[in-house]
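In: The following block contains a protein sequence and its predicted model.
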Amino acid sequence: MYRNDTHRKSIGYILWIFGFIGAHRFYYGKPISGTLYFFTFGLLGIGWIVDFFLIPSMDREADLRYFSGDIDYSLAFIFLTFLGVFGIHRMYMKKWISGLLYLVTGGVFGIGVLYDFWTLNDQVSIRNRSLGFA
């Protein structure tokens, strides 16, 4: 049986290291809890520790929910997490104009980066589907 492997557990665990800011939760398409983790430092560290054991199930859920294709979710999230204010993740998705806008405005003053944490999975999924890779 074909498995739509859109997300990787290894990347989830790497982002989990930064779990106190919710990076792994955003990666797996859980923006509400990701934002909660961001403002509470991973639910004061308790949720962050519990998530170490929940990553395999979050990975399975993301694989079922999103479409694989030419644009890699993991690479897009790594670019967003570490280079988001420079718009590298947008340029990777071939959104050149907004990528350049992020570059000159610091990720549109950080608000665009937060928006992308909330929506990047859907942006990649829609892009992959529209390119016919679903």
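Out: Happy to help now that I have it. A quick note: this is a predicted structure, and the numbers were derived from the prediction, not measured.
In: helix or strand for D5, which one?
Out: Here D5 sits in a region with no helix or strand, counting by DSSP states H and E.
In: Find the residue at the geometric middle of the chain.
Out: Y27 (3.3 Å; Cα atoms, centre = their mean).
In: Need the pLDDT of R129.
Out: Predicted confidence (pLDDT) for R129: 89.
In: secondary structure class for it?
Out: helix (DSSP: H, G, I helix; E, B strand; the rest coil).
In: circling back to that earlier point, so the residue nearest to the centre of the chain versus V104, what's the distance?
Out: 27 Å (Cβ to Cβ, to the nearest Å). From N, CA and C alone the C-beta is placed, and that goes for glycine too.
In: Equivalent analysis for M58, please.
Out: 35 Å.
In: With R90 instead?
Out: On the measure of Cβ to Cβ, R90 and V104 end up 12 Å apart.
In: domain ranges for the protein?
Out: Domains of the chain are assigned by automatic domain parsing as 1-65, 68-134.
In: does the closest residue to I88 other than its chain neighbours count as helix, strand or coil?
Out: Spatially, and ignoring its direct neighbours in sequence, I88 is nearest to F79 (4.5 Å; Cβ to Cβ, 6 or more residues apart in numbering). Classification of F79 using three-state DSSP returns helix.
In: pretty sure F79 is in contact with G99, am I right?
Out: No: judged on Cβ atoms under 8 Å, F79 makes no contact with G99 at a distance of 10.0 Å.
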